[in-house]
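> Here you go, sequence then predicted model.
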Amino acid sequence: MLEFREINIKDKDRITSALEKSQFMGCEYSFSNNMAWRRLGDSLISFYKDFYICCSFRTDDGIPHFFLPSGMGDYRAVINAMKEYAEYNGKPLKIAGITDRSMQMMNEFFADKFIAETDDGDWDYIYNSSDLIELPGRKYHGKRNHLARFNELDFQFSMITEKDFDDCITFSAMEYNNRSSEPDHSFIAEQYAINTYFNYFNELGLKGGVIRIGGKVAAFTIGDKLNNNTFCVHIEKADTNFNGIYAGINNYFAREAASAYKYINREEDLGIEGLRKAKQSYHPAILLKKYIVTFK
């Protein structure tokens, strides 16, 4: 039977190998994300032959949410192993991260044995890198104006190095402490993720960008390779007292970090209206629909 445990930086090579075989486009198929955000869903990992399995055990419905395994081999066998584990623990098998492409495989192997649902708050916003870099045409007129306002500021953009780590962590902590609402579990998990990104920045192979104004951090962002043609932005923080700063950090980081990739995945909007409006305003090339299936 499958055995689950916490993810560890020592798992990177094995997990990355499985992820590279699958070339999935969903943001959850990132070793860096799985490592950094494990506190959000109390996630644990397992392996089945050449497959990598991640599962969130902290869920709203109390049912563990597996992610579709990455790797190469017999999908029917690995999913049956997941089903055996779930049923042994008195739960139905739930699998998340299923796209239209992988749904075809699910229907082929397990037709009529599951129900599928989707929440558009979980869909990934994937953009043409060239669009975020060049902001071309009439539809990006407003974004070019925001960037022009930002460019009027006396700022310095640079790629993150170790000398920036402490300042970026302090900036993030101040933003967390200044939240007007009572911090919930997701806010705490975010701070854990940010600290993990910086604690393992080099080991994870991350890239980051930082904007300083008056010598102080005013924005930073972190991302890395998701698959062979997609770069993923994992976190983005900025001081909105500076006009156009989100347009600035987005554009400058895309230029420096992602110009070699066809796509940039900027992850989901979580159903947050302001975040959804911001992500839609950049006109995604792909809105990656993802399903959760529950076995009967």
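Yes, it's here.

> how far away is A36 from I15?
Distance from A36 to I15, counting by CB to CB, to the nearest Å: 13 Å. Where you see a C-beta, it was placed from the backbone N, CA and C, and this is true even at glycine.

> domain ranges for the chain?
Annotated domains of the chain cover 9-123, 124-267 [automatic domain parsing].

> end-to-end on the first one?
Right, domain 9-123. 27 Å (CA to CA, to the nearest Å).

> avg pLDDT for that domain?
Averaged over domain 9-123, pLDDT sits at 97.

> What of stretch 138-153?
If you average the pLDDT values across stretch 138-153, you get 97.

> and after the biggest strand by length in the chain, which helix or strand comes next?
Longest strand in the chain, counting residues (DSSP state E): strand 216-227. Sequence-wise, the next helix or strand downstream of strand 216-227 (DSSP states H and E) is strand 230-238.

> Check what contacts whichever helix or strand comes after that next one and list those residues.
Downstream of strand 230-238, the next assigned helix or strand under DSSP H and E is helix 245-257. By CB atoms under 8 Å, 6 or more residues apart in numbering, the residues outside helix 245-257 that reach it are 129, 132-133, 135, 143, 146-147, 149-151, 153, 155, 157, 159, 207-209, 211, 218-221, 223, 231, 233, 236, 238-240, 264, 278, 282.

> And stretch 196-203, by the same measure?
Applying CB under 8 Å, 6+ apart, the contact partners of stretch 196-203 are 9, 12, 32, 35-36, 160, 162, 165, 168-169, 204, 206, 208, 222, 234-235.

> What of stretch 101-114?
Contacts of stretch 101-114 (CB under 8 Å, 6+ apart): L68, Y75, R76, I79, I95, I98, A116, Y291, V293, T294, F295, K296.

> residue boundaries of the helices in the stretch 51-200 of the chain?
75-88, 100-110, 129-134, 141-151, 165-177, 185-199 (DSSP state H, counting those that start in this stretch).

> follow-up on the earlier one: between A36 and I15, tell me which one has more neighbours.
A36 (27 against 22; other CB atoms under 10 Å).

> quick one: contacts for that one?
A36 makes contacts with Y192, A193, I194, T196, Y197, H234, as judged by CB under 8 Å, 6+ apart.

> Buried ones among those?
Neighbour-count burial (16 or more other CB atoms under 10 Å) applied to these gives A193, I194, T196, Y197, H234.

> Can you redo these as a markdown table, where the extra columns are distance to I286 and pLDDT?
Compiled in a markdown table, the buried ones among the contacts of A36 are given as follows (distance: CB to CB, whole Å; pLDDT from 0 to 100):
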| residue | distance to I286 | pLDDT |
| --- | --- | --- |
| A193 | 24 | 97 |
| I194 | 27 | 97 |
| T196 | 28 | 98 |
| Y197 | 25 | 98 |
| H234 | 18 | 98 |
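
> what's the most distant pair in the residues you listed?
Largest separation among the buried ones among the contacts of A36 by CB to CB: T196 and H234, giving 10.4 Å.

> coming back round to it: okay, buried residues for the longest strand of the chain please.
Buried positions in strand 216-227, judged by neighbour count with 16+ other CB under 10 Å: V217, A218, A219, F220, T221, I222, G223, D224, K225, L226, N227.

> May I see these organised as a markdown table, with distance to D269 and pLDDT added?
Listed next are the buried residues of strand 216-227 as a markdown table, based on distance: CB to CB, whole Å; pLDDT from 0 to 100:
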| residue | distance to D269 | pLDDT |
| --- | --- | --- |
| V217 | 25 | 98 |
| A218 | 24 | 98 |
| A219 | 20 | 98 |
| F220 | 21 | 98 |
| T221 | 17 | 98 |
| I222 | 19 | 98 |
| G223 | 17 | 98 |
| D224 | 21 | 98 |
| K225 | 22 | 98 |
| L226 | 18 | 98 |
| N227 | 21 | 98 |
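
> can you list those in a markdown table and add distance to R58?
Shown next, in a markdown table, are these (distance: CB to CB, whole Å):
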| residue | distance to R58 |
| --- | --- |
| V217 | 31 |
| A218 | 33 |
| A219 | 30 |
| F220 | 27 |
| T221 | 27 |
| I222 | 23 |
| G223 | 25 |
| D224 | 25 |
| K225 | 28 |
| L226 | 24 |
| N227 | 27 |
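
> Would you mind checking the contacts of stretch 101-114 for buried ones?
For these, a burial check counting by 16+ other CB under 10 Å picks out L68, Y75, I79, I95, I98, Y291, V293, T294, F295.
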